[in-house]
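Colleague: Just the structure for this:
(one chain, ligands or ions: 3)
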Amino acid sequence: MTIVLTPFWCNGVQKLKKAPQPPPKPAHGLTPPALDDTIHYERCLAQLRSKDKNIEKYIYLSALKEQDPHMFYKVALLHMPEITPLIYTPTVGDACLQYSHIYRRPEGLFISINDKGKIRNVLKNWPRIDEARISVVTDGSRILGLGDLGVNGMPISIGKLSLYIAGAGIRPESTIPICLDLGTNNEKFLADPLYLGLRQRRVSDEAMTAFMDEFMHEMSIAFPKLLIQFEDFSTDHAFLYLERYRNKYPVFNDDIQGTGAVVLSGFLNAAKLSSAASGRPLSSHRILFFGAGSAGVGVGLQLMSFFTLQGLSKEEAREHIYLVDSQGLVYNDRGPLAEHKKVFARNDYHGPPITNLLDIIAHVKPTALLGLSTTKDAFTADVLQAMGALNPRPIIFPLSNPVRLSECNFEDAVENTAGQVLFASGSPFPEMQFNGKTLYPGQGNNMYIFPGLGLGAILARATSVTDSMVEASSLGLAESLTPEERGLGLIYPHIERIREISAFIAKEVIRAAQKANVDHHTELRSMNDKDLTEFINSKMWNPYNGFAKVGNMSHL
Ligand SMILES: NC(=O)c1ccc[n+]([C@@H]2O[C@H](COP(=O)([O-])OP(=O)(O)OC[C@H]3O[C@@H](n4cnc5c(N)ncnc54)[C@H](O)[C@@H]3O)[C@@H](O)[C@H]2O)c1
Ligand SMILES: O=C(O)C[C@H](O)C(=O)O
Ligand SMILES: [Mg+2]
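Modeller: Ligands and ions are numbered 1, 2, ... in the order given. Down below sits the predicted model:
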């Protein structure tokens with residue numbers, strides 16, 4: 001029999017002290033005579049698959065998660081490639097767009113600008129204060145590439161936390177999805193009678209910072225063991241609040257640091273394959289970023305360590321990175337630049353602005369083209385062919401989400417590079433056949449990083465998340481490919497292995513926290529790697545009912 005947890009909001013501030021346990025068998029007659037766990041699992045899958053639209057599948061899975069969380073996570077873990085795109089990118093983008101229309105029940109904390117001065121009282125209403133370990137916090141201002149969605153951004157926090165639970169075994173009751181409501185500039189939502197947020201435009205930067213200062217302070221008091229993941233803040237605020245709080249509280253920004261880490265990892269693997277084909281040294285790669293927001297610059301900053309790992313200085317590393325924004329190549333002579341772009345502004349170009357991507361490619365001669373621009377199909381056939389002409393194995397990563405904003409699709413990238421592309425996208429694409437071979441697209445999404453990074457930071461009881469911990473998560477992911485995966489030409493591991501990968505990343509992150517002296521759980525220092533890995537695995541939460549019955553989960 002499967003568990004039905006009473007939703008916490010039906011019980012006021014009741015505290016769930018322990019992880020959910022299998023319920024006692026219900027009294028005779030309260031369930032149908034032939035109800036059986038294994039068959040019920042098949043029934044849930046069949047119900048899910050009977051729905052035509054992905055948004056209906058999302059709604060079904062949300063209901064399953066509320067009514068029977070163990071079954072939900074069992075289904076998710078046993079079918080990661082099928083379920084991830086439904087509870088996360090890309091379907092979660094549609095769920096956000098429609099949130100005020102498909103809303104059924106609360107899940108998470110909503111804190112609005114009207115709560116300023118009394119945020120403490122709102123936090124106290126959270127029913128599982130003592131259990132809280134990880135929160136994903138968004139202000140809804142830049143949800144995926146979909147723009148300002150205001151309070152409709154809540155499903156992003158919920159989706160990320162579902163992956164923490166499924167992918168790293170974080171206990172469900174220790175997660176807090178949070179959406180801050182600081183208004184929205186989305187005119188369509190402001191005019192929508194069903195919109196669930198405050199009907200006002202976004203507050204000023206000064207008001208927002210005063211609010212954020214109070215919020216972060218009160219969070220640290222209410223939830224002293226909590227790690228905070230900032231998610232989908234607009235680029236200026238993403239950089240601002242990461243810098244403002246990162247040395248004061250355990251916090252990281254997923255779009256800047258998580259994305260930087262996942263792309264560095266895929267790039268390390270792709271660059272080796274690309275250099276093997278071209279015979280050019282790793283240190284000679286030139287990377288062109290199409291998109292210079294929090295994600296583009298965040299990845300650029302992290303990719304500098306690709307070059308420093310090859311022995312280049314930071315100054316030399318910077319020379320290998322080129323940024324493009326909506327006005328073309330970013331260079332100093334162009335005029336005033338946003339603060340976050342200055343680090344990569346070129347000093348070696350003095351001509352008129354170059355705005356056309358093909359012209360920029362001819363100027364830069366990149367070995368890698370990375371898209372974080374929210375611009376669908378920006379990598380046209382001409383662009384892909386130009387990359388193919390410059391490189392025996394071009395690295396092309398269209399990383400914008402959701403899938404309909406991807407700079408190109410896998411098929412076009414393969415066909416326009418004679419099948420030689422080294423490819424990773426933000427959202428998933430299907431594998432394909434080309435010249436009698438199966439080719440596999442990589443998914444360069446921070447979902448490979450944040451579960452393990454968060455788990456490691458929580459278990460180490462890290463007081464802050466250092467750059468070295470983020471880099472350790474990235475190198476750990478790059479290392480985690482099996483020989484079979486490398487044999488298939490993959491640059492990211494199979495998502496089915498996410499638990500194993502998260503445990504490995506967590507170990508690397510804990511070691512980095514120890515080196516940086518930010519770990520409070522100092523007993524872990526004396527453990528050897530084997531014992532530390534066992535400790536990490538022992539801390540992972542699992543849905544209770546019988547993996548053995550339904551498939552081989554030996555890697556869990
Ligand atoms: N794969 C991942 O894990 C991952 C992680 C984070 C963000 N992202 C995606 O990256 C995208 C960007 O996120 P962000 O926070 O940096 O957003 P942003 O809006 O701050 O940045 C977008 C950048 O693209 C540039 N741009 C827009 N239109 C352009 C055009 N036509 N030509 C050239 N440049 C153009 C803008 O000038 C800006 O620099 C989003 O779609 C997001 O979903 C993916
Ligand atoms: O949410 C995702 O799928 C990745 C990333 O954090 C994004 O903002 O696009
Ligand atoms: Mg994001």
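Colleague: Which strands or helices does the longest helix belonging to the chain pack on?
Modeller: With secondary structure taken from DSSP state H, the chain has its longest helix at helix 259-278. Where contact means 3 or more C-beta pairs under 8 Å, 6 or more residues apart in numbering; DSSP states H and E, helix 259-278 is packed against helix 294-309, strand 368-371, strand 395-398, strand 422-425, helix 467-479. (C-beta placed from N, C-alpha, C; glycine too.)
Colleague: Now do it and helix 294-309, the angle between them.
Modeller: 50 degrees (axes from the mean of the first three to the mean of the last three C-alpha atoms, to 10 degrees).
Colleague: Could you give the average pLDDT over helix 259-278?
Modeller: In this model, helix 259-278 has an average pLDDT of 98.
Colleague: buried set for that helix?
Modeller: 259-271, 273-275, 278 (16 or more other C-beta atoms under 10 Å).
Colleague: On the three-state scheme, the closest residue in space to residue 164 that isn't next to it in sequence is what?
Modeller: Spatial nearest neighbour of residue 164, chain neighbours left out: residue 170 (4.3 Å); criterion: C-beta to C-beta, 6 or more residues apart in numbering. Taken by DSSP: H, G, I helix; E, B strand; the rest coil, the conformation at residue 170 corresponds to coil.
Colleague: The one 10 residues further on too?
Modeller: When the structure is split into helix, strand and coil by three-state DSSP, residue 180 lands in strand.
Colleague: Where does the protein get nearest to ligand 1, residue-wise?
Modeller: Here the residue of the chain nearest ligand 1 is residue 293; by C-beta to the nearest ligand atom that distance is 2.1 Å.
Colleague: Share the number of residues neighbouring that residue, please.
Modeller: For residue 293, the neighbour count with other C-beta atoms under 10 Å is 24.
Colleague: ok, the nearest residue to it once chain neighbours are set aside to residue 253 distance?
Modeller: Among residues not flanking residue 293 along the chain, residue 235 sits closest, at 4.3 Å (C-beta to C-beta, 6+ apart). Counting by C-beta to C-beta, to the nearest Å, the gap from residue 235 to residue 253 is 10 Å.
Colleague: For stretch 501-510, give the mean pLDDT please.
Modeller: Rounded mean pLDDT across stretch 501-510 is 98.
Colleague: before we move on, what about stretch 72-83?
Modeller: On average, stretch 72-83 scores 96.
Colleague: How about the longest helix of the chain and ligand 3, touching?
Modeller: No - contact of helix 259-278 with ligand 3 (C-beta under 5 Å from the ion) is absent, the minimum separation being 7.4 Å.
Colleague: hang on, residue 391 packs against residue 369?
Modeller: No - with contact defined as C-beta atoms under 8 Å, residue 391 does not count as touching residue 369 (9.7 Å).
Colleague: More neighbours: those two, which one.
Modeller: Each of residue 391 and residue 369 had its neighbours counted (other C-beta under 10 Å), and the higher figure belongs to residue 369 (31 against 24).
Colleague: residue contacts, the residue lying closest to residue 261 once chain neighbours are set aside?
Modeller: Distances taken as C-beta to C-beta, 6+ apart put residue 474 closest to residue 261, at 3.7 Å, once the chain neighbours are dropped. Shown in contact with residue 474 (C-beta atoms under 8 Å, 6 or more residues apart in numbering): 260, 261, 262, 264, 265, 268, 302, 449.
Colleague: per-residue pLDDT, residue 474?
Modeller: The model's pLDDT for residue 474 equals 98.
Colleague: go on, residue 36?
Modeller: 85.
Colleague: Please apply the same query to the one 10 residues further on.
Modeller: Predicted confidence (pLDDT) at residue 46: the value is 98.
Colleague: for it, helix, strand, or coil?
Modeller: At residue 46 the chain is in helix, as set by three-state DSSP.
Colleague: Can you tell me how far the residue in the stretch 401-550 of the chain positioned nearest to ligand 2 is from residue 286?
Modeller: Of all residues in the stretch 401-550 of the chain, residue 401 sits closest to ligand 2, at 3.6 Å by C-beta to the nearest ligand atom. Distance, residue 401 to residue 286, using C-beta to C-beta: 25 Å.
Colleague: returning to what we had before: chain center to the longest helix of the chain, what's the gap?
Modeller: Centroid displacement of helix 259-278 relative to its chain, using C-alpha atoms, centre = their mean, to the nearest Å, is 19 Å.
Colleague: and that helix with helix 467-479, angle?
Modeller: Going by the same axes, to 10 degrees, helix 259-278 makes 40 degrees with helix 467-479.
Colleague: What are the contacting residues of the helix or strand that helix 259-278 is followed by?
Modeller: Next helix or strand after helix 259-278 toward the C-terminus (DSSP states H and E): strand 287-290. With C-beta under 8 Å, 6+ apart as the test, strand 287-290 has contacts from 267, 296-297, 299-300, 303, 320-324, 344, 357, 360-361, 364, 366-373, 375, 378-379, 407.
Colleague: could you redo the last one with a cut-off of 6 Å?
Modeller: Surrounding strand 287-290, the residues in contact under the criterion C-beta atoms under 6 Å, 6 or more residues apart in numbering are 296, 300, 321-324, 364, 366, 368-371, 373.
Colleague: which neighbours does that strand have in its sheet, and in what orientation?
Modeller: The sheet places strand 287-290 alongside strand 321-325 (parallel), strand 368-371 (parallel), with pairing taken from DSSP bridges.
Colleague: Would you reformat those strands as a markdown table and include distance to ligand 2?
Modeller: Formatted as a markdown table, these follow (distance: least, C-beta to the nearest ligand atom, whole Å):
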| stretch | distance to ligand 2 |
| --- | --- |
| strand 321-325 | 18 |
| strand 368-371 | 12 |
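Colleague: which of those strands sits most buried?
Modeller: Greatest average neighbour count among the strands paired with strand 287-290 goes to strand 368-371 (a mean of 28), per mean count of other C-beta atoms under 10 Å.
Colleague: And the next helix or strand past it?
Modeller: helix 381-390.
Colleague: does ligand 1 sit close to that next one?
Modeller: No - judged by C-beta under 6 Å from any ligand atom, helix 381-390 stays clear of ligand 1, getting no closer than 11.6 Å.
Colleague: now that helix: how far from the chain's centre is it?
Modeller: 29 Å.
Colleague: With only the CA atoms kept, save it in CSV.
Modeller: Coordinates of each C-alpha in helix 381-390 appear next as CSV, following Å, rounded to 0.1, in the frame of the first residue of the first chain:
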residue,chain,number,x,y,z
ALA,A,381,22.6,26.7,-41.1
ASP,A,382,25.2,29.3,-42.3
VAL,A,383,26.5,29.8,-38.8
LEU,A,384,26.7,26.0,-38.1
GLN,A,385,28.5,25.4,-41.5
ALA,A,386,30.9,28.2,-40.7
MET,A,387,31.8,26.5,-37.4
GLY,A,388,32.2,23.2,-39.2
ALA,A,389,34.5,24.8,-41.8
LEU,A,390,36.7,26.2,-39.1
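Colleague: Cheers, nothing more for now.
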